[in-house]
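K.L.:
what follows is a predicted structure for the sequence shown.
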Amino acid sequence: MYLQSGQWSLWLGIISACLFASVESKDFSEDPKETFTFDQLWKLEKGFWDSFLYPANLKQTQGNESTIFASDVQGRVDITRTFDGDELNREYIFGLFGDPDHVSLVGIPIAYNITQFTANDNIASATTVVTFNATTFGVLIPVTIDTWIEFNTDGKIAQYDATFRWFEYLLDFLVEGVATKINATEADQAVAYVADLLATTICETHEQHCTGSNQQYTDTPTCYDFLTKTLRFGKAYELGRNTLLCREVHEHMVQYRPDIHCSHIGPGGGGYCVDDMDYTQTVLQRYFNDSWIPFGYGTDQNIWLAN
């Protein structure tokens, strides 16, 4: 049967309507929990980074309720591990970078530049280059951080997933700078110098804050020997494993809650600085409550979902 131009247009219209109805009923059957405009998500993203910079980040470590995180926030950082709850995340995300006079790998964040951004529904994905003043090493360091952030109805972060891009390169850059500073002829000498600096700081923090039932080491020499002789320094992806680098991360948080964090810098690692998962377990870990795909997509096949 030959169809004229008008008839073709009619049939195409009917077919298109049927296809659209099918997609709509299948893919959009579940209404999202909350929806923001692109402009609102952009402002929420910038609001987080504004709060991340020093000294604004100090305010986030104080008080009983966060203006940034939901009370039951879930967070994951590729080079460390997962962090649950508002209080722990405030200590980790903000308290970790809040003291320019304290020994630290990257120091304090002083500026940021969002270089990539896309957003839909209640999810924003961005690449941000954050400038850190690494006061311990006397250099300014640009650090690239990729983030996925989901916001709840109050505009607070319900869950986030962060990746430090080129972090191995960053560590090498710092070690090379130390090697030049101390006139080291081999990289191992520079690593040993950094290990001594970090271990000394961790043991001083332990002596000051980890007393009584929170004590992890019998004395400072025992602490130092364990951190520099028994424990491995750690690779770029091992800031959440049984390493010195992991304990450097948690040392910054000891001051906030010694009863929680002293064990993290101790010999046992307190469940955070431990070798409890291999590569495959790390990649396939079921952790997040919500899908990272907007509008309800992906819930039927997302291997990262806890439920």
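P.N.:
That came in fine, so what should we check first? If you're wondering where the values come from, they're calculated on a predicted model, not measured in any experiment. Residues are numbered from 1 along each chain as shown.

K.L.:
tell me how the chain divides into domains.
P.N.:
The chain breaks down by the TED database into domains covering 33-165, 182-291.

K.L.:
could you dump those into a markdown table with distance to Glu176 and mean pLDDT added?
P.N.:
The way it works is simple: take the backbone N, C-alpha and C, and place the C-beta from them, glycine included. Listed next are the domains of the chain as a markdown table, based on distance: least, CB to CB, whole Å; pLDDT from 0 to 100:
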| stretch | distance to Glu176 | mean pLDDT |
| --- | --- | --- |
| domain 33-165 | 11 | 96 |
| domain 182-291 | 7 | 97 |
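
K.L.:
including mean neighbour count and distance to Val175, could the ones you listed go into a markdown table?
P.N.:
Formatted as a markdown table, those follow (neighbours: other CB atoms under 10 Å; distance: least, CB to CB, whole Å):
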| stretch | mean neighbour count | distance to Val175 |
| --- | --- | --- |
| domain 33-165 | 18 | 10 |
| domain 182-291 | 17 | 5 |
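
K.L.:
Ala306 is nearest to which of those?
P.N.:
Shortest distance between Ala306 and the domains of the chain, using CB to CB, is found for domain 182-291: 5.0 Å.

K.L.:
got the end-to-end distance for stretch 265-272?
P.N.:
End-to-end distance of stretch 265-272 (CA to CA, to the nearest Å): 9 Å.

K.L.:
hang on, isn't Gln285 packed against Ala306?
P.N.:
No: with contacts counted by CB atoms under 8 Å, Gln285 stays clear of Ala306, the gap being 9.2 Å.

K.L.:
tell me which stretches of the stretch 101-250 of the chain form helices.
P.N.:
167-181, 187-209, 220-225, 244-251 (DSSP state H, counting those that start in this stretch).

K.L.:
Ser71: which of those is closest?
P.N.:
helix 244-251 (22.1 Å).

K.L.:
name the helices or strands packed onto that closest one?
P.N.:
helix 187-209, helix 258-265 (3 or more CB pairs under 8 Å, 6 or more residues apart in numbering; DSSP states H and E).

K.L.:
which among the ones you listed is found nearest to Gly138?
P.N.:
Nearest to Gly138, of all the helices and strands packed on helix 244-251, is helix 187-209, at 13.1 Å by CB to CB.

K.L.:
rewinding a little: dump the helices of the stretch 101-250 of the chain to TSV, plus distance to Asp161.
P.N.:
Listed next are the helices of the stretch 101-250 of the chain as TSV, based on distance: least, CB to CB, whole Å:
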stretch	distance to Asp161
helix 167-181	15
helix 187-209	27
helix 220-225	34
helix 244-251	18
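
K.L.:
so which of those helices is nearest Gln60?
P.N.:
helix 244-251 (17.4 Å).

K.L.:
residues in contact with the closest one?
P.N.:
With contact meaning CB atoms under 8 Å, 6 or more residues apart in numbering, helix 244-251 is reached by 80, 96, 104-105, 195, 198-199, 201-202, 205, 227-228, 231-234, 238-240, 261, 264-265, 269-270, 272-273.

K.L.:
quick one: that helix to helix 258-265, angle?
P.N.:
Interaxial angle, helix 244-251 versus helix 258-265 (axes from the mean of the first three to the mean of the last three CA atoms, to 10 degrees): 170 degrees.

K.L.:
could you export helix 244-251 as CSV, CA atoms only?
P.N.:
What follows is helix 244-251, C-alpha atoms only, in CSV (Å, rounded to 0.1, in the frame of the first residue of the first chain):
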residue,chain,number,x,y,z
LEU,A,244,52.0,5.1,57.9
LEU,A,245,50.2,7.3,55.4
CYS,A,246,46.8,6.1,56.7
ARG,A,247,47.8,7.0,60.3
GLU,A,248,48.9,10.4,59.1
VAL,A,249,45.4,11.0,57.8
HIS,A,250,43.7,10.0,61.1
GLU,A,251,46.2,11.8,63.3
